[in-house]
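coords please:
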Amino acid sequence: MVHESQVLALDFSKEMIGDKLMLASGDQSGVIKVWKVTNGKCLRSIEFGLADGKGAVTVIRFMQNDTKIITVSADIYIRIVGLKSGSVIAKFESTHDKGFIQSLHFSKSHMLTCDYSGII
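Prediction:
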């Protein structure tokens, strides 16, 4: 399992289906990869195409039966990405303007983020 730049974010899939436990990783250059843990095979590679370090993926989480991932990038956008299509399903602009989002947690109806400045 290799990225070409520094890995900043990791998350395991919520469920193991057969031998299919997945790992999602996001790197400094904005590349997201989804791996099959048992053999290290890259199942999907997604790039947002953002330059100047603004694409750095700072948070990544599996969601909804492991069919989607939610990411946070240094460009202050939160993106929901479909794993089958590899495309962005939804994109939200963060209200954090003083620092990178450090953590993200969500439920069916709420999303919480925090940044390095202490803002939740």
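
For the rest of this, base every contact and every neighbour count on C-alpha atoms.
Fine.

Helix or strand: which one has the residue minimising distance to the centre of the chain?
Centroid-nearest residue in the chain: residue 60, 2.6 Å away (criterion: Cα atoms, centre = their mean). Using DSSP states H and E, residue 60 maps to strand 57-63.

what's that strand in contact with?
8-14, 24-32, 68-74, 100-104 (Cα atoms under 8 Å, 6 or more residues apart in numbering).

Adjacent strands (with direction) for it?
With DSSP bridges as the test, strand 57-63 is paired with strand 68-73 (antiparallel).

can you give me the helices in this protein?
With DSSP state H as the definition, the chain shows no helices.

which intervals of it have sub-threshold pLDDT?
Along the chain, segments meeting pLDDT under 70 span 1, 16-19, 49-54, 96-100, 105, 114-117, 120.

And the strands in it, which stretches?
Ranges of strands in the chain, per DSSP state E, are 7-12, 22-27, 31-36, 41-47, 57-63, 68-73, 77-82, 88-93, 101-106, 111-115.
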